[in-house]
Each structure stands twice: as structure tokens, then as C-alpha cells.
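[1] pasting the structure only:
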């Protein structure tokens, strides 16, 4: 079979329909794993990429800078509090610059048992246009900083702006990352082969994501909360057929705004009301569970 016959679009991962044999159950026989990713981000003032709420502000842009900084000063603390109240362990997508600019925030996340996922040095960065060697150095630098601060290197990666190069997957594996939070190609974890080994793509919400949906599409706080509830209810029902993974992606300066937080809290309370059937977890635990299942003869989902 030629490459074109096998995969007209790409050959990064193999096609497997949802009807394929299911993977192992989650702990305690549960069938739906849910993790909530919280972007804690730092931006370089006046340089590189930014996420803005008010368009075309002239330089120096104090307006959008203040909106983003609200997340690290206020919003993130309240989001972490709400997740803790709901019994959902936080998964932090971390710009390592925050170790220098907001150490108290990271101490709070650490105290609440957060998993720190590599998310670049600054969110003004992008992997786009990096050379293979430059990208390898960048990924390694992020892992080294987290290892130095937390005592262990990150297992997971999520790219700033979801950017990649043709070398990214290979470089991630070579740098020691074991799973990727960037892609939504399935409702199950999917192993992707690279020349350096395999990396596990965990389902990562591209739409149940306040950046793409609230800022990108103008969804209201209530609409976003309804999306979380509907996604959860549908996947909980579907998980009776096979084990699945659901993710929710939040950002401190978006969902941390008081009026959005209020709506989000309603959705979190709906999710936590089903905790007898759901595994509220973190990417590291999902990946570890699948590795253990492989060792005893099970297959990955």
C-alpha cells in the first residue's frame, strides 16, 4: 500500500475507529476519566504573541496586560479553590517564567496537589519556525526548570498556542516527555509513534476550552458552562460502552473572571455530583494506569 493510499492527509498517527476493542477500565472499574487543565501563563510585555480581550490597543498595551495579569493575581487562586472544592485535582499548563514572576501562585497550586505540565517558558513564545536543535533545547529547558523546582521532570507537554514543527513529537520523546496535551483526535488516549519512541496523545479539549470558545467565538459564560455539562453527560453515557477520557481547558484570566467563575462553578458541581461513577484525575495518573495495564498484558485505549 502506498503512503497516499494509506493516509492521504498525513501519517502521524494510524486510523482506529471508536468501535475498535476498548482499552482497560479505569481504577475501581470506572469508565470515564475527567481532568481539568488550567493554563497559568506569563507574557513578555510588548513582545511576542499575546491573547487579548480588547483588540488593537496602541502600545504600550496596559489594557490587555492588566486583563492577563488579573489571572495570575486573582483568577487562578479562585479557580484552584473551586477545583479543590469540587474534588478535582488541578492539572497546570505551566509557563516556567511564573516561577520568577508569581511564585506564591505556584506554591498554592503545589499545595493542592497540582500536576505541572510543560507549557513553554512564556506564552509569548511559539514553536513555529524553530529549528530542530533550537526546539530540542527549548523543550529540555522547560523540563529542567520544572524538575529543579518540583523535584521531578514533567511527564506531559502542551505547546504554547498549540504550535508544532515537524520535529516536535520526536523532540518531546527525546526530552523525556511521555504524553501530549494538544490534540483531540479521539475520546481515548492514542499512542503516536516517533523515531525516538512512542508518545501518548491524551484527549485535549479544543472546544470545551475557554480560550477558543469564549474569547475565540464569543460564547457567554453560561453557554460555556452548558458545553461542559453536555460534554460530560454525553461521554458519561457513552462510557458505559468503553473507557473514555474527558478534558476541560481553562485559563486563569478567562474563567477566573468573577461572572465566568460563577457559571463554571455550576458546571463543576454538576460533574462532582457523579463522582461515584467518574475518575477525577490528572494526565500523569492516566498515563501511569495505561503503562501498568500494558505490563500485565492489557492494551492502551
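    Happy to help now that I have it. Small disclaimer: the values here were computed from a predicted structure and weren't measured.

[2] where along this structure do the helices fall?
    3-6, 62-70, 76-86, 98-101, 103-111, 132-150, 168-174, 210, 221-238, 258-272, 283-295 (DSSP state H).

[3] pretty sure residue 257 contacts residue 79?
    No. Using CB atoms under 8 Å, residue 257 is not in contact with residue 79, being 10.2 Å away. All C-beta spots, glycine's among them, are computed from the backbone N, C-alpha and C.

[4] when the two are compared, which one has more neighbours?
    The neighbour comparison of residue 257 against residue 79 (other CB atoms under 10 Å) goes to residue 79, with 27 against 21.

[5] right, and the more buried one touches residue 255 too?
    Yes. Using CB under 8 Å as the test, residue 79 is close enough to residue 255 to be in contact (6.2 Å).

[6] any residues in contact with both of those two?
    Contact with both residue 79 and residue 255 is made by residues 261, 264, according to CB atoms under 8 Å, 6 or more residues apart in numbering.

[7] show residues contacting stretch 157-173.
    Under CB under 8 Å, 6+ apart, the answer for stretch 157-173 is 12, 37, 49, 93, 95, 117-120, 122-130, 132, 135-136, 139, 142, 177, 179-182, 192, 194-199, 204.

[8] what is the neighbour count of residue 99?
    Quick note: residue 99 (other CB under 10 Å) scores 18 neighbours.

[9] now the closest residue in space to residue 79 that isn't next to it in sequence: how far from residue 74?
    Among residues not flanking residue 79 along the chain, residue 256 sits closest, at 5.1 Å (CB to CB, 6 or more residues apart in numbering). Relative to residue 74, residue 256 is positioned 7 Å away (CB to CB, to the nearest Å).

[10] between those two, who's got more neighbours?
    residue 256 (25 against 16).

[11] isn't the more buried one right up against residue 76?
    Yes. Counting by CB under 8 Å, residue 256 does reach residue 76; the two are 5.9 Å apart.

[12] excluding sequence neighbours, find me the nearest residue to residue 242.
    Nearest one to residue 242, counting by CB to CB, 6+ apart, is residue 22 at 3.4 Å.

[13] hang on, that neighbour packs against residue 239?
    No. Contact status for residue 22 versus residue 239: not in contact, 9.9 Å apart, counting by CB under 8 Å.

[14] more neighbours, the two?
    Between residue 22 and residue 239, counting by other CB under 10 Å, residue 239 is the more crowded of the two (22 against 16).

[15] ok, the more buried one - contacts?
    31-32.

[16] distance of it relative to residue 18?
    To residue 18, residue 239 is 12 Å away according to CB to CB.

[17] show me the shaky parts of this protein.
    1-9, 296-301 (pLDDT under 70).

[18] could you dump the helices of the chain to a markdown table with distance to residue 245?
    Converted to a markdown table, the helices of the chain look like this (distance: least, CB to CB, whole Å):
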| stretch | distance to residue 245 |
| --- | --- |
| helix 3-6 | 27 |
| helix 62-70 | 29 |
| helix 76-86 | 17 |
| helix 98-101 | 27 |
| helix 103-111 | 22 |
| helix 132-150 | 23 |
| helix 168-174 | 19 |
| helix 210 | 19 |
| helix 221-238 | 8 |
| helix 258-272 | 14 |
| helix 283-295 | 7 |
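
[19] deepest-packed of those helices, please.
    Counting by mean count of other CB atoms under 10 Å, helix 210 has the highest mean neighbour count of those, with a mean of 27.

[20] now stretch 112-119: buried residues?
    Neighbour counts using 16 or more other CB atoms under 10 Å place 114-119 of stretch 112-119 among the buried residues.

[21] nope, stretch 194-211 is what I meant
    Buried-residue list, stretch 194-211, by 16+ other CB under 10 Å: 194, 199-206, 208-211.

[22] cool, stretch 20-28 as well?
    In stretch 20-28, counting by 16+ other CB under 10 Å, buried: 22-26.

[23] burial of residue 158, as a residue count?
    24.

[24] is it true that residue 246 touches residue 230?
    No. The pair residue 246 / residue 230 is not scored as a contact, 11.2 Å apart, by CB under 8 Å.

[25] give the bridge partners for the residue nearest to residue 278 when sequence neighbours are not counted, please.
    Nearest residue to residue 278, sequence neighbours excluded (CB to CB, 6+ apart): residue 32, at 5.1 Å. Beta bridges link residue 32 to residue 244, residue 278, judged by DSSP bridges.
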